[in-house]
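>>> My questions are about this predicted structure, shown below with the sequence.
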Amino acid sequence: MLDIKKIRKDFPILSRKIHGKPLIYFDNAATSQKPMSVINSLTEYYSKHNSNVHRGVHTLSMESTDLFEEARNRVASFINSKVPESIIWTRNSTEGINLISNTWGKENIQQGDEILVTAMEHHSNLVPWQILANKQQAKLVILPIKNDGTLELDQIDSYINPKTKIVSVVHMSNSLGTINPVKEICDKAHAVGAKFMIDGAQSVPHIPTNVQDLDCDFLVFSGHKMLGPTGIGVLYVKPKILEEMHPFLTGGEMVLEVSYESATWNELPMKFEAGTPNIADAIALGEAIVYLENIGMENIRNHEIELTNYALNKFESLNQLTLFGPLDSSIRGGILSFHSENIHPHDIGTFLDNEGIAIRTGHHCTMPLIRSLNIPATSRASFYIYNTKDEIDCFINSLENSIRYFTNAK
């Protein structure tokens, strides 16, 4: 059992009041809150160590470099990467996917090849592949979903075939909460010689992640969704693939030798990290990982299963709301998207904000998915380690009040 009261004390923003009410933060799928250890690491870096990395022999530069690379090592250990050189710093998951599509994709996807994604992908894992398919005259194939919000896997062998060159799948849907069987899909991709990429933006912060067990070729995730700061993300690539890829950006740091006529590339991972990197936020992400590991990812997952089951049971009394996604918490993360035929999601979101409750409303950067549900948008509540059943009770009570308020208003 986690000591949630103790955990909550580590997050200063949770003591805020919104419109005179205690803040209930249920927008964790968009970004998580930050513990003091992460906040302090940013202050400490800029006040004690601030210097560029890999370029100086003076004390500050060597301290910064050590902290920066220690953070990379922590990330590698966190996802069980064989070597830290497989970890490339990016701004976010989106940049990581764009790096793959613009390097490996352009080098390996040819006319007539197929790229497979699912119908529940975030725009970040859809638009880059659309562009690549158009440029290379390849075909973008969409794996459909069933009414319960899970993938249609019965015919997957027809979707993954010898023409398939890469399969790119979200591990946990940010709109439905669905946890996809990525290991099973990865095996099928490899069986036809295709590469496999995981969008781990929602899963890595909440589920134990082992890239060697998953055997994925690529994995992306963002620091800000896992207690870290904004502006720092991670791309994992298997070493052999990374060695063969050409750099995405060129300039300083990523070069070994430069003449007026040509250049050669630096060793991994610097080959893919042109220019001054986001040093402070990488270090702070390392601190966020320390925090998560001290709690334990299995404990975090179990806590969220408990919260999700509790919330799903509470939702059964809300007859005027349609809840999307699987009802089995073993294949669902702590994400609840719902819709009312009579109340616009923005009205629900505004009503809840007046009660101090922060949720998300809109299409959540999954516009094709939301449109396939024949609705304009959903309201979304998403949980993390500092959320409680008492907060869910307040949330459900406020939802009931919002339904009464808008029903009577009409």
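Sure thing, it's come through.

>>> can you map out the strands along the stretch 1-150 of the chain?
17-18, 21-22, 24-25, 87-90, 114-118, 139-143 (DSSP state E, counting those that start in this stretch).

>>> Generate JSON lines for the ones you listed, with mean neighbour count, distance to residue 155 and mean pLDDT as supplementary columns.
(Glycine included, C-beta is placed from N, CA and C.) Formatted as JSON lines, the strands of the stretch 1-150 of the chain follow (neighbours: other CB atoms under 10 Å; distance: least, CB to CB, whole Å; pLDDT from 0 to 100):
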{"stretch": "strand 17-18", "mean neighbour count": "12", "distance to residue 155": "47", "mean pLDDT": "98"}
{"stretch": "strand 21-22", "mean neighbour count": "14", "distance to residue 155": "49", "mean pLDDT": "98"}
{"stretch": "strand 24-25", "mean neighbour count": "23", "distance to residue 155": "40", "mean pLDDT": "98"}
{"stretch": "strand 87-90", "mean neighbour count": "24", "distance to residue 155": "34", "mean pLDDT": "98"}
{"stretch": "strand 114-118", "mean neighbour count": "24", "distance to residue 155": "12", "mean pLDDT": "98"}
{"stretch": "strand 139-143", "mean neighbour count": "17", "distance to residue 155": "9", "mean pLDDT": "98"}
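
>>> possible to save these as TSV with distance to residue 345?
Converted to TSV, the strands of the stretch 1-150 of the chain look like this (distance: least, CB to CB, whole Å):
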stretch	distance to residue 345
strand 17-18	19
strand 21-22	20
strand 24-25	17
strand 87-90	31
strand 114-118	23
strand 139-143	25
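
>>> Nearest to residue 203 among these would be which one?
Shortest distance between residue 203 and the strands of the stretch 1-150 of the chain, using CB to CB, is found for strand 114-118: 13.9 Å.

>>> Pairing partners for that closest one, with directions?
Paired with strand 114-118 in the same sheet, following DSSP bridges, are strand 139-143 (parallel), strand 164-170 (parallel).

>>> neighbouring contacts of that strand?
109, 125-126, 129, 132-133, 138-145, 151, 159-161, 163-170, 180, 189, 194 (CB atoms under 8 Å, 6 or more residues apart in numbering).

>>> Then stretch 359-367?
Outside stretch 359-367, the residues touching it (CB under 8 Å, 6+ apart) are 26-27, 29-30, 120-124, 173-175, 337, 345-346, 348-349, 352, 369-371, 376-382, 395.

>>> Out of the residues you listed, which end up buried?
The neighbour count (16 or more other CB atoms under 10 Å) marks 26-27, 29-30, 120-122, 124, 173-175, 337, 345, 348-349, 352, 369-370, 377-382, 395 as buried among the contacts of stretch 359-367.

>>> Show only the entries of these found in helices.
345, 348, 349, 352, 369, 370, 395 (DSSP state H).

>>> With distance to residue 74 and pLDDT added, can I get the residues you listed in TSV?
Shown next, in TSV, are those (distance: CB to CB, whole Å; pLDDT from 0 to 100):
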residue	distance to residue 74	pLDDT
345	38	96
348	39	97
349	36	97
352	36	98
369	34	96
370	36	95
395	34	98
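
>>> Columns distance to residue 248 on top of these, output as JSON lines?
JSON lines is the format used below for these (distance: CB to CB, whole Å):
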{"residue": "345", "distance to residue 248": "37"}
{"residue": "348", "distance to residue 248": "41"}
{"residue": "349", "distance to residue 248": "37"}
{"residue": "352", "distance to residue 248": "41"}
{"residue": "369", "distance to residue 248": "28"}
{"residue": "370", "distance to residue 248": "31"}
{"residue": "395", "distance to residue 248": "42"}
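
>>> Can you tell me which of those is nearest residue 290?
Looking across these and measuring by CB to CB, the closest to residue 290 is residue 395, at 30.3 Å.

>>> What separation do you get for the closest one and residue 226?
Distance, residue 395 to residue 226, by CB to CB, to the nearest Å: 23 Å.

>>> repeat for residue 214
In terms of CB to CB, residue 214 sits 17 Å off from residue 226.

>>> likewise residue 209?
10 Å.

>>> Ok, residue 173 next?
Applying CB to CB to residue 173 and residue 226 gives a distance of 17 Å.

>>> Residue 309 too?
Where residue 226 is concerned, residue 309 sits at a distance of 23 Å (CB to CB).

>>> These two: who's more crowded?
Higher neighbour count among residue 309 and residue 226: residue 226, with 25 against 15, using other CB atoms under 10 Å.

>>> Now for the residue nearest to the more buried one when sequence neighbours are not counted, how many residues are close by?
Leaving aside its chain neighbours, residue 226 sits nearest to residue 205 (3.4 Å; criterion: CB to CB, 6 or more residues apart in numbering). Other residues near residue 205 come to 27 when the count uses other CB under 10 Å.

>>> pLDDT score assigned to residue 205?
pLDDT for residue 205: 98.

>>> again, but for the one 3 residues further on
The predicted local confidence for residue 208 comes out at a pLDDT of 98.

>>> got it, and residue 408?
79.

>>> any idea what it is structurally, helix, strand or coil?
Counting by DSSP: H, G, I helix; E, B strand; the rest coil, the backbone at residue 408 sits in helix.

>>> Now do the contacts for it.
With contacts defined as CB under 8 Å, 6+ apart, residue 408 has no neighbours.

>>> roughly how far apart are it and residue 343?
12 Å.

>>> do the same with residue 240
53 Å.

>>> hang on, residue 322 in a strand?
Yes: applying three-state DSSP, one finds residue 322 inside a strand.
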